[in-house]
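Student: Test case, fold it:
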Amino acid sequence: MYKSFYNLKRYPFEITPDPSFLFTTKNHNEALASLYYGVKRRKGFVVLTGEVGTGKTLLVRCLLQILSRANVAYAYVLNPRLSPMEFLQDIAVDFGITTTGKSKSELLLDINTYVIGRHKKCSITVLVVDEAHHLSADVLEEVRLLTNLETPEQKLLQILLVGQPELDYKLDSVALRQLKQRIALRSRLTALTLDEVEGYVYRRLELAGSSDPAALFPKDTLAELQRQSRGYPRLINTLCENALIHGYARQAKVIAPEIITEIATDFRLNIEHPLATVQNGLSAHAREVQQAATTLLDLYSHLQILKENKREKAVQSSDCGTVTDSQTQTTDVETIDNESSSQVSDERPQFLSIPRKQASKQSGARPKVAGLPRTEDRLKDAHSDRFRTASLESSVSQQHVFDSDQAVGVSRERRNDLISVVEKELL
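Tutor: Residues are numbered from 1 along each chain as shown. The predicted structure is shown next:
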């Protein structure tokens, strides 16, 4: 569209990761060297993380392009949202292994045989997992177990995990401490500085055929570009591509800073809603609490039915056909409890509605039911405040900002209270 107008031979700012457009900053050079060293020296696990749009995939494809010249076989997993079995099948297909009709153990045996065969030929085998922050704990454990294939000197399968910073947090979990200890090398890509943005843009324009990149994108335009993109290469490509289209439409030979600002506004790059992220995270915890509470209450109802059936059998087997005073008192209490629960069920959240023991109308006292703890010390009275729970969504709506770890703690505490009630009922 605009190539002839700006005297370009190709489009310079495509968002696809083209290794021919690699611009190596100091940070990118260190990361690429770390990945290459980890593979060539057979270090086993190598991790590369970076924010969205920092060039992780482009760097990996450059690495694979280099390794392919050295007779290195690799499996490249692009979509890690797989089950452990699907993950192994994906790997086997990339290695040229037939997967039809094979069980998990057969696939593992074939993969191991393939890796050992290549090792005997002094060849390197690599597994690359992009978007690794989406890997489930089960799949990560399968990945760790794949590295058990080793000699006394080196690993036979080299594994590269590439993902966003969430991957670092996931690897810090206690459940994955074995995998974390096996990581030999770690690198992290960062955003570009103003000088690096200038080199990045001019390098791409030169490769596309521009004879004077500085005249097309002046210094003040680059400063605005760095500010709006925050130094992320993917956003730089998006802004520059659209800037050239706008410039062509206006027949402008120079891209002014105002064009960059206008495009950034159109793409809403300067609009963020951090509370939306917090609210989404809290809603997930609330759903977890709701699911756990519902399960516990179902179990509680089942126990009540079993107790009632047991009591009926005892009545039928009794010679006099009567029950003891304590059994009668317990029946009265549970009858009152059921009536009370039905009255307040419409006034409180269904997923946290816990039956309360009320006083007998005859005695005016609160009888205690064996096996159930008193809950008034931990829960507010249902009749005084209608048993309103301080849920995580309502906390956000009241403009309270919670730390995510704290929110998890509240959810677990609330869930533990419910669990303790049922456990004591079981006992």
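
Student: Could you chop this structure up by domain?
Tutor: The chain breaks down into these domains under automatic domain parsing: 26-189, 194-266, 274-426.

Student: Run through the helices of the stretch 201-350 of the chain in chain order.
Tutor: With DSSP state H, counting those that start in this stretch as the criterion, the stretch 201-350 of the chain has helices at 213-216, 219-229, 233-249, 257-266, 274-317, 325-344.

Student: what angle do the fourth one and helix 219-229 make?
Tutor: With axes from the mean of the first three to the mean of the last three C-alpha atoms, to 10 degrees as the criterion, the two stretches helix 257-266 and helix 219-229 enclose an angle of 10 degrees.

Student: Just the element for Cys62, please.
Tutor: Using DSSP states H and E, Cys62 maps to helix 56-68.

Student: which parts of that helix are buried?
Tutor: For helix 56-68, the neighbour count (16 or more other C-beta atoms under 10 Å) marks Lys56, Thr57, Leu58, Leu59, Val60, Arg61, Cys62, Leu63, Leu64, Ile66, Leu67 as buried. All C-beta spots, glycine's among them, are computed from the backbone N, C-alpha and C.

Student: Touching stretch 107-115 from outside, list them.
Tutor: With contacts defined as C-beta atoms under 8 Å, 6 or more residues apart in numbering, stretch 107-115 is touched by 85, 88-89, 91-92, 95, 97-99, 102, 125, 146, 149, 156-157.

Student: List the buried residues for it?
Tutor: Leu107, Leu108, Asp110, Ile111, Tyr114, Val115.

Student: give me the number of residues near Lys313?
Tutor: The number of residues packed near Lys313 is 10, by other C-beta atoms under 10 Å.

Student: What distance do you get for Val126 to Leu171?
Tutor: When distance is defined by C-beta to C-beta, to the nearest Å, Val126 is 19 Å away from Leu171.

Student: what do you get for Val129?
Tutor: 13 Å.

Student: swap in Arg41?
Tutor: Taking C-beta to C-beta, one finds Arg41 at 21 Å from Leu171.

Student: Of the two, which one has the most company?
Tutor: Relative neighbour count places Leu171 above the other of Arg41 and Leu171, with 21 against 14, counting by other C-beta under 10 Å.

Student: Show the contacting residues for the more buried one.
Tutor: By C-beta under 8 Å, 6+ apart, the contact set of Leu171 is Val47, Leu179, Lys180, Ile183.

Student: Narrow the residues you listed to those that are buried.
Tutor: By neighbour count, with 16+ other C-beta under 10 Å, the contacts of Leu171 hold Val47, Leu179, Lys180, Ile183 as buried.

Student: Which members of the residues you listed are positioned in strands?
Tutor: Within these, residues falling in strands by DSSP state E are Val47, Ile183.

Student: Name the nearest residue to Tyr2, sequence neighbours excluded.
Tutor: Leaving aside its chain neighbours, Tyr2 sits nearest to Tyr248 (3.8 Å; criterion: C-beta to C-beta, 6 or more residues apart in numbering).
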